[in-house]
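what's the 3D shape of this:
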Amino acid sequence: MGRTKPIVSADYVVGLTDGEGCFYVYVSNSPRYVGGARVGLNFYIKMNERDKNLLEKVRRSLKCGCVYFQREQRKNHTQCYRYTVGSHRDVIERIIPFFKRHSLQSDSKRKSFMFFCEIAELVESGKHLTKDGIEQIRLLKKRMNQKTVGLA
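As a prediction, this is how the structure comes out:
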C-alpha cells in the first residue's frame, strides 16, 4: 500500500479561503455565444511562493484544480502561486458543495459565495444562453467581492 499524500482539514480550507481566496465570475462579450457572452466560474487561492506546498495540500483535499506559478510584475509584491479551479464541472460538483457543507466565516466572503451560487444556478439552468440571463449574471457579479456587500 502506498503512502497517503498530505491533505488539510476542511476548516483549514475554509479559513484560507476566507483570508486569501476568491470566487470569481468572468463574463466576456462574444458574438460566438448564443447569449452574446461567455460565462466562466472560477475559484482560487493565491499565496506567497514559499507556501506552494499548502496550495498542493488544498488541491489534494478538494480533489480538483491545479497549482501554478503566477509571476508578479509589481515591484513591491512577492512572487505567488495560485490554486485555481476553472472547470465548470469541478466548480459545480466539488467547490460549491464543499462550501455549502463548510460555511465561510467572513460576511463578505460568504455573501460573495451566495452570489456565486446564484450565478452557477443560472448557468446550470441554461439562462446564460439568453441576453436576459447574461444581464442577470452581470448584475449579480457586480455585487460580488466587495468590501461591504449588501443583500438588498
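
pLDDT (mean, whole number) over the longest helix that the chain contains?
With DSSP state H setting the assignment, residue counts place helix 107-124 as the longest helix in the chain. Over the span of helix 107-124, the pLDDT mean works out to 96.

just how off-centre is it within its chain?
Taking the mean of its C-alpha atoms, helix 107-124 sits 10 Å from the chain's own mean (C-alpha atoms, centre = their mean, to the nearest Å).

Show me what counts as buried in that helix.
With burial defined by 16 or more other C-beta atoms under 10 Å, the residues of helix 107-124 counted as buried are 109, 111-120, 122-123. All C-beta atoms are positioned from the backbone trio N, CA, C, and that covers glycine.

what about the nearest residue to residue 26 once chain neighbours are set aside, helix or strand, and which?
Counting by C-beta to C-beta, 6 or more residues apart in numbering, residue 40 is the residue found nearest to residue 26 once chain neighbours are left out, at 4.7 Å. Counting by DSSP states H and E, the element that carries residue 40 is strand 37-48.

ok, the residue positioned nearest the centre of the chain - contacts?
Ranked by distance to the mean C-alpha position of the chain (C-alpha atoms, centre = their mean), the top residue is residue 43 at 1.6 Å. If you count contacts by C-beta atoms under 8 Å, 6 or more residues apart in numbering, residue 43 has them with 21, 22, 23, 24, 65, 84, 85, 91, 95.
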